[in-house]
Each structure stands twice: as C-alpha cells, then as structure tokens.
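1. Sequence and predicted structure, then a few things I'm wondering about:
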Amino acid sequence: MTDRIKKLCSYLFKCTVFADVGCDHGYCAQYALENSLCKKAVISDVSEKCLSKAERLLKDYIRDGRCRSVCCYGLEKIDPSAELTLIAGMGGEEIISIFRAAYIPQNFVLQPMKNVREVREYLLEQGAEITRDEVFLSCGKYYFVLCGRRGGNKSSYTPAQLQYGKGDIKGDLGGFLRAELSKKLDYLASASGDSKIRIKKDIDLIGEMLKGESD
Ligand SMILES: C[S@@+](CC[C@H](N)C(=O)[O-])C[C@H]1O[C@@H](n2cnc3c(N)ncnc32)[C@H](O)[C@@H]1O
C-alpha cells in the first residue's frame, strides 16, 4: 500500500456498505474490510483488467459474500444506498461525468488528480456539502481530497478557496501554495495576453490564501 493510499484511507469512516469506484488494485476496499470500517464493500472499475486485480486481492471477501465486484462505468451499477463512496485517482472532469450520469453519493471521499476546482463548483451547484477540503503531500506530490455528502448544508467558499480548497495553510496547503506561486511567477515571465491575465489572477488568489499564514 502506498503512502498516498494510506493517507486516503484515513479519510474513510465506519459504514455499512463502502463503494470503491475505479478501485483498480482494490487496496482501499481491502483496508476498509480488514479494519472493520464496513460490513460490506462494492468494488468497481470500468476496466475488466483493472477490476481483476482487486478481485484477486479480495477473493476471500468475495467468497464470503462481504465484497461484490462490478465492472461498470462510474456509479452505474452501484446502489445509491451505499453509505460511503470513494472515487480516487481520476481526473476531476471524469468524476463530474460519473456524477452527471448517475447521482452524487450519500457520503463521498474524492481525490481528483486535476480540475479540483471544477469538482468543487459542481458539488456546490448541486447543493452538496463539502465537509473536508484538504491537500496532503505524499512522496513529493500534492493530492487534494474532498469529503462530503449529498444535500446537507451548502458550503460557503471564497473565490480563493474555490481554487485552492480549505486545507491547513500552516501545513501542506501552505507548502502547495508556495510551490504553485513559484511556478506561476516563472510562467508569468514568459506569458502574454489572456494567459498573463489568468496567471496574475491566480497569483492574487494564492497571495490572499497565504496572508492567512501570518494571522
Ligand atoms: C489511477 S487508477 C486509481 C485507482 C485507485 N482508485 C487509487 O486511487 O489508487 C484509476 C482507475 O479508475 C478507473 N476508471 C477510470 N474512469 C472510470 C470510470 N468512469 N468508471 C469506473 N472506473 C474508472 C481506471 O480503469 C483505473 O483503474
């Protein structure tokens, strides 16, 4: 299990049915089952080849009826009554497409690899509540995690938080923002036109977030 997956699993909570959508290797479902975080797990992947890795890993749980395996696009064959759904390691646009084609899960843990802002915007537009919106550093790379639920209280976000989340500015979010700032300043030097305006806007948002470090 990689450090990223261990950190990701720390966001899971005790539930009856846990769904791991786009499970690939199946390590997250294995963690949930082994640590009694769920009574039952559903593993799914759009690729039969990927799903077969998880089926091999979880064969004993499948045999005992504690794990069900389905090959499908997103949430297509996942019952909406699953209490907690993890979707990790895909692009944000793919996660949004999955929700559009089906539903927003009751409770979710999402780890989009990119387009995190778009995922936040989509969830908020749909009236979902984002309860945790953090970033963590694993093996030199930053990963965003969004936890929340369908319905609930629509969360409020500033424009800077929509872009960069609500992580710990004195922790990994601060590190991420400083790294971003340095990249953006490099890009700015050679940018022109609309892209220069966009980069400047991002730099302002980062500056606004980093102000919180000294508060
Ligand atoms: C990079 S792996 C991530 C695996 C695991 N969730 C993780 O975070 O380590 C992405 C997985 O998502 C699957 N996938 C991509 N798009 C999907 C979709 N629309 N529905 C279901 N699975 C999908 C891929 O086949 C692949 O196994």
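-> Nice, thanks for sending it over.
2. now the most centrally placed residue in the chain, nearest residue through space, not along the chain?
-> The centroid of the chain falls nearest to Q111 when counting by CA atoms, centre = their mean (1.8 Å). Once flanking residues are discounted, Q111 sits nearest to A88: 3.8 Å by CB to CB, 6 or more residues apart in numbering. (C-beta placed from N, C-alpha, C; glycine too.)
3. what's near enough to touch the one you found?
-> L8, G22, C28, V109, L110, Q111 (CB atoms under 8 Å, 6 or more residues apart in numbering).
4. follow-up on the earlier one: make sure the residue nearest to the centre of the chain is actually in contact with S10.
-> No. With contact defined as CB atoms under 8 Å, Q111 does not reach S10; the gap is 11.9 Å.
5. How many residues are close by K49?
-> 9 (other CB atoms under 10 Å).
6. name the element E208 belongs to?
-> Element membership for E208, per DSSP states H and E: helix 193-211.
7. Give me the helices and strands touching that helix, please.
-> When contacts are defined as 3 or more CB pairs under 8 Å, 6 or more residues apart in numbering; DSSP states H and E, helix 193-211 packs onto helix 159-164, helix 172-190.
8. what's the first one packed up against?
-> Secondary structure elements in contact with helix 159-164, counted by 3+ CB pairs under 8 Å, 6+ apart, are helix 116-125, helix 172-190, helix 193-211.
9. hmm, the shortest one touching the ligand?
-> It stands for helix 116-125. No. Remark: helix 116-125 sits outside contact range of the ligand, by CB under 6 Å from any ligand atom, the gap being at least 13.9 Å.
10. so after that helix, what's the next helix or strand?
-> Criterion used, DSSP H and E; the element after helix 116-125 is strand 129-138.
11. Up against the ligand, what does this structure have?
-> 5, 21-24, 45-47, 50, 73-74, 88-90, 94, 98.
12. among those, which two are most distant?
-> Across the residues of the chain next to the ligand, the longest distance by CB to CB is 22.9 Å; it joins I5 and Y73.
13. Among the contacts of A88, which lie within helices?
-> L8, C28 (DSSP state H).
14. Looking at the contacts of A88, state which has the most neighbours.
-> That'd be C28 among the contacts of A88, by other CB under 10 Å, with 29 neighbours.
15. Who are the contact partners of the closest residue in space to E83 that isn't next to it in sequence?
-> Once flanking residues are discounted, E83 sits nearest to C15: 3.8 Å by CB to CB, 6+ apart. For C15, the contacting residues are L37, C38, K39, E83, L84, N107, by CB under 8 Å, 6+ apart.
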